[in-house]
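Undergrad: Quick check, what structure comes out for this input:
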Amino acid sequence: MAGLPPLSEHLLRRAGFGVGAAETSLFNRFTYMAVVGQLIDYDAAAADVDSHIGTPGYVGITTRGVFAPNTVINDARQRWLFRLVHSPAPLQEKMALFWHQHFATAYSKVSSIVGTTDGARMMAAKPSEDPGGARGQLELFRQFALGNFRDLLLEVAKDPAMLVWLDGRLNTKARPQENFGRELMELFTFGVEHYVETDVYAAARAFSGWNLTTVGARGTASAYYAFNFNAGQHDLAAKEFSFPIYPDGGRIIPARTSTNGMQDGIDLINALAVHPETARRLARKLWAWFVDETAVPDDSFVASIADTYLQNGTNMKAVVAAVLASDQFRSSAFKRYSWPAEFVARSLKEVGFVGFSVNDALTPMVNMGQQLFEPPDVNGWELGPGWFSTARTLARMNFAAQLATNQKFGLRDMARPYKQTPDTLVNFVVDTLNVPAPPPDVYAALTDYVRAGGAWTGSDAQLLNKAGGLFHLVTGSGQYQFV
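TA: Okay, here's the model as predicted:
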């Protein structure tokens with residue numbers, strides 16, 4: 001079956017969510033670096049596929065009255081999964097998922113404090129569709145998917161969901177709240193080895209007064225929570241750190257007037273964003289996300305990507321372009337474990353989605369260990385082999401069976417040109433699902449499955465049974481769990 005070169009398929013699994021018919025049609029004449037260019041240089045406006053939600057030719061959604069992804073969290077989950085399947089800018093969604101893990105924030109805590117409606121808005125509101133123009137955290141990640149990391153850090157520090165999640169809304173000069181300052185250093189930038197406890201207290205004081213307010217008349221649809229620098233609650237005294245804050249090596253943020261107090265937090269963010277250890281830590285995280293979870297990060301890769309990050313002023317577009325162009329990335333096929341969101345999106349793209357609703361995938365994804373907008377704690381999900389307990393693996397296999405059964409008529413029709421022999425049918429399924437060539441014993445088991453039940457004739461009745469069964473077996477196999 002004609003498809004894309006293996007290297008381009010590898011790229012689209014890692015920098016996207018698999019290789020469906022749309023990707024094959026679009027990229028079949030592109031060189032590898034041309035595909036990289038298309039993925040990197042996406043037009044966010046042109047990539048907005050939300051207008052296709054609920055229309056024929058796209059995976060379905062399930063409505064409970066009015067579909068309201070800005071205010072109902074399960075609808076927001078459906079919208080995001082829809083985007084993973086259909087966005088013409090898959091790298092934007094891939095990086096949004098990366099940032100969702102990096103800045104792990106859970107809807108359950110947010111909604112418990114501000115309510116379910118405002119909680120959903122804080123997590124997922126699309127400004128152009130929100131009555132007050134509120135921007136949810138996901139839209140922040142999509143906006144800065146390949147943007148400047150320093151700018152993203154600043155926006156995250158002001159993000160309403162984060163201000164609730166890490167209690168910044170409670171940070172006052174009398175009672176500095178340490179959660180955000182600690183995670184800013186430990187998880188978001190240079191890591192736990194590079195700060196001391198006194199830095200946590202100093203950071204809390206630097207961000208005192210970075211609170212929430214309500215914009216608009218309370219009780220109206222347009223009212224929403226927004227960042228507010230409360231100058232009266234900012235600690236004006238100097239703050240000393242154990243690491244440099246300024247290019248001249250200075251470690252003390254000076255005392256300031258209340259009018260200029262917000263600059264304290266900005267100075268700290270600026271320092272952390274360009275710290276060499278932040279550069280190296282991000283390089284290692286990108287190694288695990290894009291390159292290889294089965295081996296320790298390559299020292300030369302980390303050094304090169306960290307240098308690209310620093311030389312380009314923390315611009316992630318240049319960084320990710322360098323990752324995708326690297327020899328280490330090119331040679332790392334099937335060395336990263338797929339997340340449940342990736343597994344589901346890829347399955348829908350490569351198996352089919354006619355008559356299927358993304359809502360039908362939400363509970364299976366929970367059983368696989370991932371609920372969008374609900375990481376278990378500030379560390380995010382346990383990645384790699386952590387996705388694959390017995391119960392979670394069974395959930396993947398059950399989803400593969402559910403989807404293959406749902407798509408069996410379409411799979412029969414797709415398989416007709418390849419019905420000549422059990423081997424041609426197996427090869428068609430393996431090629432369509434973009435998995436490595438099965439080992440001889442696995443290949444033999446697949447062809448034996450096709451032959452079971454009588455002599456193979458390639459009839460429609462046989463194809464209806466066996467094509468769907470093969471797609472189930474392969475998508476549920478160990479090989480398909482790697483990207």
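
Undergrad: Please identify the helix or strand for Leu272.
TA: helix 263-273 (DSSP states H and E).

Undergrad: Against which helices or strands is that helix packed?
TA: If you count contacts as 3 or more Cβ pairs under 8 Å, 6 or more residues apart in numbering; DSSP states H and E, helix 263-273 packs onto helix 149-158, helix 197-206, strand 252-253. C-beta coordinates here come from the backbone N, C-alpha and C atoms, glycine included.

Undergrad: Can you add distance to Thr294, mean pLDDT and mean neighbour count and give these back as JSON lines?
TA: What follows is those, written out as JSON lines (distance: least, Cβ to Cβ, whole Å; pLDDT from 0 to 100; neighbours: other Cβ atoms under 10 Å):
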{"stretch": "helix 149-158", "distance to Thr294": "26", "mean pLDDT": "98", "mean neighbour count": "20"}
{"stretch": "helix 197-206", "distance to Thr294": "34", "mean pLDDT": "98", "mean neighbour count": "20"}
{"stretch": "strand 252-253", "distance to Thr294": "42", "mean pLDDT": "98", "mean neighbour count": "18"}
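
Undergrad: Need the ones you listed in TSV (columns: distance to Asn406).
TA: Below are the helices and strands packed on helix 263-273 laid out as TSV (distance: least, Cβ to Cβ, whole Å):
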stretch	distance to Asn406
helix 149-158	38
helix 197-206	50
strand 252-253	58
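
Undergrad: looking at the chain, which helix or strand does the model trust least?
TA: Averaged element by element with mean pLDDT, DSSP states H and E, the chain has its least confident helix or strand at helix 21-27 (a mean of 90).

Undergrad: in stretch 309-324, what counts as buried?
TA: Under the neighbour-count criterion of 16 or more other Cβ atoms under 10 Å, stretch 309-324 has 309-310, 314-324 buried.

Undergrad: List of residues touching it?
TA: The contact list for stretch 309-324, computed with Cβ atoms under 8 Å, 6 or more residues apart in numbering, reads 11, 15, 36, 39-40, 91, 95, 144-150, 152, 273-274, 276, 279, 282-283, 286, 290-291, 304-305, 308, 329.

Undergrad: all strands for the stretch 151-300 of the chain, in order.
TA: All strands of the stretch 151-300 of the chain, identified by DSSP state E, counting those that start in this stretch, fall at 210-215, 224-229, 239-240, 252-253.

Undergrad: Would you mind confirming that Gly355 is in contact with Thr405?
TA: No. With contact defined as Cβ atoms under 8 Å, Gly355 does not count as touching Thr405 (11.2 Å).

Undergrad: Count the residues that sit near Asp460.
TA: 14 (other Cβ atoms under 10 Å).

Undergrad: who's in contact with it?
TA: 412, 416.

Undergrad: now swap in Leu163 and tell me
TA: Per Cβ under 8 Å, 6+ apart, neighbours of Leu163: 169, 180, 210-212, 227.

Undergrad: Work out for me the element the most centrally placed residue in the chain sits within.
TA: Centrality entry for the chain: nearest residue to the mean C-alpha point is Leu97, 1.1 Å, by Cα atoms, centre = their mean. Following DSSP H and E, one finds Leu97 within helix 90-102.

Undergrad: What are the buried residues along whichever helix or strand comes after that helix?
TA: The helix or strand immediately downstream of helix 90-102 is helix 107-114, counting by DSSP H and E. Across helix 107-114, burial judged by 16+ other Cβ under 10 Å covers 107, 109-111, 114.

Undergrad: swap in stretch 444-456?
TA: So for stretch 444-456, counting by 16+ other Cβ under 10 Å, buried means 446-447, 450, 456.

Undergrad: again, but for stretch 226-236
TA: Applying 16+ other Cβ under 10 Å to stretch 226-236 flags 226-230, 233-236 as buried.

Undergrad: same deal with stretch 158-170?
TA: Result for stretch 158-170 [16+ other Cβ under 10 Å]: buried residues 158-166, 168-169.

Undergrad: just the residues you listed now: which is nearest Arg346?
TA: Nearest to Arg346 out of the buried residues of stretch 158-170 is Ala161 (Cβ to Cβ; 27.7 Å).

Undergrad: Report the separation between that closest one and Asp118.
TA: 10 Å (Cβ to Cβ, to the nearest Å).

Undergrad: so where do the helices sit in the stretch 51-200 of the chain?
TA: Taking DSSP state H, counting those that start in this stretch as the test, the helices found in the stretch 51-200 of the chain are 73-86, 90-102, 107-114, 116-124, 137-143, 149-158, 160-165, 179-183, 197-206.

Undergrad: hmm, who's touching the third one?
TA: When contacts are defined by Cβ under 8 Å, 6+ apart, helix 107-114 is touched by residues 73, 118-120, 122-123, 161, 164-165, 225, 373-374.

Undergrad: need those in JSON lines with distance to Asp48 and pLDDT, can you?
TA: Output for the contacts of helix 107-114, formatted as JSON lines (distance: Cβ to Cβ, whole Å; pLDDT from 0 to 100):
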{"residue": "Ile73", "distance to Asp48": "21", "pLDDT": "98"}
{"residue": "Asp118", "distance to Asp48": "24", "pLDDT": "97"}
{"residue": "Gly119", "distance to Asp48": "24", "pLDDT": "98"}
{"residue": "Ala120", "distance to Asp48": "19", "pLDDT": "98"}
{"residue": "Met122", "distance to Asp48": "21", "pLDDT": "98"}
{"residue": "Met123", "distance to Asp48": "19", "pLDDT": "98"}
{"residue": "Ala161", "distance to Asp48": "22", "pLDDT": "98"}
{"residue": "Val164", "distance to Asp48": "27", "pLDDT": "98"}
{"residue": "Trp165", "distance to Asp48": "27", "pLDDT": "98"}
{"residue": "Tyr225", "distance to Asp48": "25", "pLDDT": "96"}
{"residue": "Phe373", "distance to Asp48": "20", "pLDDT": "98"}
{"residue": "Glu374", "distance to Asp48": "25", "pLDDT": "98"}
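
Undergrad: so how many other residues sit close to Ala44?
TA: Quick note: Ala44 (other Cβ under 10 Å) scores 12 neighbours.
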